[in-house]
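Undergrad: only the shape, not the letters, is given here:
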Ligand SMILES: Nc1nc2c(ncn2[C@@H]2O[C@H](COP(=O)(O)OP(=O)(O)OP(=O)(O)O)[C@@H](O)[C@H]2O)c(=O)[nH]1
Ligand SMILES: [Mg+2]
């Protein structure tokens, strides 16, 4: 009777207990099965899990506990973040891949590191020897032995429970009972020492937050200093640049600017051409005509360089020279008799263009016999816009000045534009034996067809005449 009453009192006491928020950390090497286990606890299908980068959070209600599990990524590079979660955790779930014997040493070191941490030492730890479903997986005793678990937990005064399990066997209510049992044990231990643990966690959390705040301020200070240093450096560099700008004024070897004005390049090219020509002159001293021609060429080139069509390319200048040389030479040949006959007249030089592909020998020998009928010189062409023989401006008929009357103009216009009229007239004479009838023996059918044709064409012509007459009336006051 008394025992029944005591049990009832226990139930009532537990029922009246406040809801406790508990935070747990789930750690272990990568690929151990942490996320699969967490998913199974949460009631989700534990397969199709990807490696955790950072952490994932699982919330569940277990009796009077609101449990939050931080499933932390187990990769080597992520393990550094584990310590950030130690302060607020009431206990640890350490997942071990029992089937991976080769990584047991690494697992042992990692576990030792965790338990050694001041914010974990003394807190309860649940070791899940996972992947028991796999062939060759180590049993509970082997895992304890491999990890030297007893020694570790004794060393760090941690209450420990090991559960051989498989995270993929089931999930939710059908989760592996070992996982469920292990979780109950952990929560039970936490509940038992909750007040002491809670006090420690509050303290550790405050310290952790203070530490984080301090680190944050230190980081901000570091960033500020770095920024100031950078700004200072930039200012100094700017000042240095300013002084170096003045230093540029000092006479120092000047690097020749490759981008020079186009005019200077042309002048330079002209000088080069002149030098070339002078060399050629030396080779041919006796030729005064050539000298004269060269002089003219140089003059012409200077005109070119002054014109708007300036070109800095040396090659192009040479092309112009070639184009100019040939006409000048030809001109010399053709103008020779006139200059001999009439020296007093002022000679106007005209540039003439020849087709570049036509090559004519330069006649340096003046005494050479000339052809009796020299070819007519090519038409003169200037460097400006060539003169075009313009067509007479089109005018309206009404605006043209004719000697005859306007009606005569209309008739001429119609007769010119519509030869059909004349065709029909010819047909008329042809059929009815007018002026000439070359085929008098035509059949009646042919005559009718021609007559029909004649009538149709006449009608068409009349329509055209009428249309033109109406159209032209607009322009001509008949
Ligand atoms: N056979 C078997 N496979 C499991 C078991 N638990 C997890 N796995 C598989 O092991 C692989 C890794 O599982 P995870 O849960 O991602 O491992 P983890 O510890 O979270 O890995 P990290 O997130 O990288 O730290 C997955 O392919 C799971 O399906 C198990 O009990 N048995
Ligand atoms: Mg994971």
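TA: That came in fine, so what should we check first? Source: prediction; values computed, not measured. Residues are numbered from 1 along each chain as shown. Ligands and ions are numbered 1, 2, ... in the order given.

Undergrad: now the residue in the stretch 151-300 of the chain that ligand 2 sits nearest to: how far from residue 32?
TA: Evaluated by CB to the ion, the stretch 151-300 of the chain has residue 167 as its residue closest to ligand 2, separated by 10.8 Å. Placement of C-beta: from N, CA and C, glycine included. Using CB to CB, to the nearest Å, residue 167 is found at 9 Å from residue 32.

Undergrad: overlap in contacts of those two?
TA: residue 130 (CB atoms under 8 Å, 6 or more residues apart in numbering).

Undergrad: which positions in this protein make contact with ligand 2?
TA: Applying CB under 5 Å from the ion, we find that the chain lies next to ligand 2 at 34-35, 52.

Undergrad: now, which of those residues sits nearest residue 228?
TA: Nearest to residue 228, judged by CB to CB, of the residues of the chain next to ligand 2 is residue 52 at 39.5 Å.

Undergrad: since we're on the closest one, how many residues are nearby?
TA: 18 (other CB atoms under 10 Å).

Undergrad: dump the residue contacts of it.
TA: Contacts of residue 52 (CB under 8 Å, 6+ apart): 34-35, 71-74, 78.

Undergrad: narrow those to those in helices?
TA: 34-35 (DSSP state H).

Undergrad: surely the residue of the stretch 151-300 of the chain closest to ligand 2 meets residue 31?
TA: No: using CB atoms under 8 Å, residue 167 and residue 31 do not qualify as a contacting pair, with a distance of 11.9 Å.

Undergrad: more neighbours, these two?
TA: Neighbours were counted for residue 167 and for residue 31 using other CB under 10 Å; residue 167 has more, 28 against 14.

Undergrad: let me know the pLDDT of that one.
TA: According to the prediction, residue 167 has pLDDT 95.

Undergrad: what of residue 465?
TA: At residue 465, pLDDT is 77.

Undergrad: please shift the residue numbers so they start at 12 in all later answers.
TA: That works, and once the first residue is 12, the last one we named lands at residue 476.

Undergrad: what is the burial count for it?
TA: Residue 476, neighbours per other CB under 10 Å, totals 18.

Undergrad: what do you get for residue 224?
TA: A count of nearby residues for residue 224, using other CB under 10 Å, gives 10.

Undergrad: and the contacts of residue 63, which two are the farthest apart?
TA: Taking CB to CB, no two of the contacts of residue 63 sit farther apart than 46 and 89, at 12.7 Å.

Undergrad: so which of these two has more stuff around it?
TA: For residue 46 and residue 89, the more surrounded residue by other CB under 10 Å is residue 46, and the numbers stand at 23 against 16.

Undergrad: spatially nearest residue to the more buried one, not counting backbone neighbours?
TA: Leaving aside its sequence neighbours, residue 46 sits nearest to residue 60 (CB to CB, 6 or more residues apart in numbering; 4.5 Å).

Undergrad: quick one: neighbours of the residue lying closest to residue 106 once chain neighbours are set aside, just the number.
TA: Leaving aside its sequence neighbours, residue 106 sits nearest to residue 39 (CB to CB, 6+ apart; 3.7 Å). A count of nearby residues for residue 39, using other CB under 10 Å, gives 26.
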